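need a 3D model of the sequence below.
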Amino acid sequence: MVKVLLIDDDVELAELMREVLAEYSIEVHAVYAPDEGLRALETGNFEMVLLDVMLPQVNGLQVCRKIRYSNATYRNIPIIMLTARTELTDTVVGLETGADDYVRKPFEPRELVARINAVLRRFDQREAAAQRQQGEGQAAEAAAVPGNGAGGMCRLYLDGSELAIDTQRAQVFVNGTKLTITSMEFELIAAMAEQPTEILSRDNLLGKVHGSSVVYTRSIDALIYRLRSKIKEAGADVDFIRTVRGRGYSLVGTPSDTRPGNATAVGHAGSNDRRNSDQSAGGTVAST
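I've put the predicted structure just below:
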């Protein structure tokens, strides 16, 4: 049975969801305040969080952000936001904050169950890939580190820094350090890694990212901003993602088969490109 944590101050709805979802082999543990939810995550063994947006004291978007940017072991747990709001902007902000999906109230139980199962499938695929890597032993782990020639790895070098996207294991490395990223962030950078020398429009990237049916193109800017921040925090002194105004984004750097010093970096982000980088992307990830 799937064990889910519900954080929602609507007691009647929580009891109804507990009864209905039990019929689909989903066990719901309900709490009614944000602080109770965070404590439950510390002590419980949950596979997903169902998170209401309109919570007392601290809203669900802020709780989602706390989970995603914490150092706790549960920071990558799948999150589905629940809300009675109908504005598209609310949906976008929820996904940009780090949620994996967004369900509007009132909803049909079958829709919620389908979304829970879909999100868990994607999460399980990533977890299974990580477990396979661990089971392969030290040699396989070494192959996953940038520069060791592992299959499915896009490696780029730029001004002494190294970026590697492992599409088989759903992992990203900066100078050998593994990043902690969400499924949407990985899907975005993996899409760019498929064509690292090409400029991809927001519309093209949108089709590669889960949730594209409810996210508009400017949401890509926020994901790019988060990726840039995490890459920088991991120790990169350069920007591996180039913004081309009016066209889109691309990865930049020297591919692995032409190590630095042997070839000119592809799409090197010079001073003009850096001046053209979007400065407003981070502002879209704001609490409401």
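
can you give me the strands in the chain?
Under the criterion DSSP state E, the chain contains strands at 2-7, 26-31, 48-52, 79-83, 101-104, 153-158, 161-166, 171-174, 177-178, 241-244, 248-251, 254-255.

out of the ones you listed, which is closest to residue 206?
Shortest separation from residue 206 across these is recorded for strand 248-251, at 10.3 Å, computed as C-beta to C-beta. In short, each C-beta sits where N, CA and C put it, glycine included.

quick one: that closest one to chain centroid distance?
18 Å (C-alpha atoms, centre = their mean, to the nearest Å).

next: stretch 224-231.
Its chain's C-alpha centre and that of stretch 224-231 lie 11 Å apart, by C-alpha atoms, centre = their mean.

what does stretch 237-252 give?
19 Å.

and that stretch, which residues are buried?
238, 239, 240, 241, 242, 243, 244, 248, 249, 250, 251, 252 (16 or more other C-beta atoms under 10 Å).

which two in those are spaced the farthest apart?
Greatest spatial distance in these: 238 and 248, 19.5 Å, computed using C-beta to C-beta.

in contact with the residue nearest to residue 161 when sequence neighbours are not counted: list those residues for me.
Of all residues not flanking residue 161 in the chain, residue 236 sits nearest, at 4.3 Å (C-beta to C-beta, 6 or more residues apart in numbering). Residues in contact with residue 236 (C-beta atoms under 8 Å, 6 or more residues apart in numbering) are 161, 163, 174, 175.

residues contacting the nearest residue to residue 32 once chain neighbours are set aside?
Of all residues not flanking residue 32 in the chain, residue 9 sits nearest, at 4.9 Å (C-beta to C-beta, 6+ apart). Residue 9 is in contact with 32, 33, 52, 54, 55, 56, counting by C-beta under 8 Å, 6+ apart.

before we move on, back to that, out of the contacts of residue 236, who's nearest residue 39?
Closest to residue 39, out of all of those and judged by C-beta to C-beta, is residue 174, at 32.8 Å.

show me the contacts for the residue nearest the centre of the chain.
For the chain, residue 182 is the residue whose C-alpha lies nearest the centre (C-alpha atoms, centre = their mean; 2.2 Å). For residue 182, the contact set (C-beta under 8 Å, 6+ apart) comprises 68, 76, 98, 100.
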